[in-house]
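> The following block contains a protein sequence and its predicted model.
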Amino acid sequence: MVPAASGTGTRALVARVLMEQGPVTAAVVAAELELTEAAVRRHLDALIADGEAEVRAPARSARPRGRGRPAREYLLTDTGRVRFGHGYDDLATQALRFLAETAGEEAVDAFARHRVRELLGSDLDAVTAPAEPAERVEALARVLSARGYAAQARHGGFGVQLCQHHCPVAHVATEFPELCEAETRAFAELLGTHVQRLATIARGDAACTTHVPLEDPELLARARGKKQGRSVTVSGRTTAQVRQVQEEGGPADGGTFSHHGPRKGGSPYDDHS
């Protein structure tokens, strides 16, 4: 009997046989697990429906076959192999450690910046094309979602919050916050405005939340020739009141503030990470 290394139940056992012996027929799986072929086929059909297994035409044999169609053979897809885990995160972390030790922290930072450029790729123009920052945030959210970050733009208060509900590199970013910092700097450059990283998955929050202010009361006050530090009314509120709303109002629904405080050597755009 083949032991289950990941997951429980018969389906996990069937998947493991496909991983270790595939491509194999349902008859081989049934014999290995001491089950009926009918039971095995039900699990194979479920794995195929979920994209975790596929059918492959059996290899031609020089030996003569009996009558009837050749038995179908099954094997796991890349999606199916994920259930047994992988070492991609550990490999990436080890590579960055080696880079830091041999080439210095500057090399890690350079890699982080390069990664952001590669992440956005040919969609850079789609993000920077809109004239308004709010539209750019929405475009950026669409690009990030297409890259697997499950991002969305949430409007509220004096700005927009870019919420990323998934981070494929969160495990690596926990040790190398340069990845988050480079990403935040890139967002600021793309959107053409100062941004604040309020929360990150890598630091234990539910989502990576970046606040994009659409109206900066202090800048408006200075533009009007007011002295810095003087309480000036903006949209019916003083700058101090507006700042208090921005800082105490919290992220949009579903987001969270990170209370870890600024990181040593952190980005100027990452005040709350």
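Everything's here; your move. Numbering: from 1, shown residues only.

> Spit out the contact partners of Arg117.
For Arg117, the contacting residues are 124, 186, by C-beta atoms under 8 Å, 6 or more residues apart in numbering. From N, CA and C alone the C-beta is placed, and that goes for glycine too.

> Distance of it relative to Ala110?
Separation of Arg117 from Ala110 (C-beta to C-beta, to the nearest Å) stands at 11 Å.

> so Gln152 sits in a helix?
No. Going by DSSP: H, G, I helix; E, B strand; the rest coil, the assignment for Gln152 is strand, not a helix.

> Mind listing the residues bridging to it?
On the basis of DSSP bridges, Gln152 is bridged to Cys163.

> Please apply the same query to the one 4 residues further on.
The partner list for Gly156 in beta bridges (DSSP bridges) reads Gly159.

> how many neighbours does it have?
Using other C-beta atoms under 10 Å, Gly156 has 12 other residues around it.

> now do Glu52
Look at Glu52: counted by other C-beta under 10 Å, it has 20 neighbours.

> Correct me if wrong: it contacts Asp78.
No. The pair Glu52 / Asp78 is not scored as a contact, 9.3 Å apart, by C-beta atoms under 8 Å.

> which SS class is Leu75?
With three-state DSSP as the basis, Leu75 sits in strand.

> what's the closest non-adjacent residue to it?
In space, and not counting its chain neighbours, Leu75 is closest to Gly22: 3.4 Å by C-beta to C-beta, 6 or more residues apart in numbering.

> so the one you found touches Gly80, yeah?
No. Contact between Gly22 and Gly80 fails when scored by C-beta under 8 Å: they sit 9.5 Å apart.

> I'd like the average pLDDT over the helix or strand harbouring Val143.
Element membership for Val143 (DSSP states H and E) is helix 133-146. The predicted model gives helix 133-146 an average pLDDT of 94.

> buried ones in that helix?
Neighbour counts using 16 or more other C-beta atoms under 10 Å place 133, 136-144 of helix 133-146 among the buried residues.

> and of those residues, the nearest to Leu96?
Within the buried residues of helix 133-146, the smallest distance to Leu96 is 21.7 Å, found for Leu144 (C-beta to C-beta).

> which regions of the stretch 51-200 of the chain sit below the pLDDT cut-off?
59-70 (pLDDT under 70).

> any chance you could map the helices in it?
For the stretch 51-200 of the chain, applying DSSP state H, counting those that start in this stretch gives helices covering 78-81, 88-103, 105-120, 124-128, 133-146, 170-175, 178-191.

> Okay then, goodbye and thanks.
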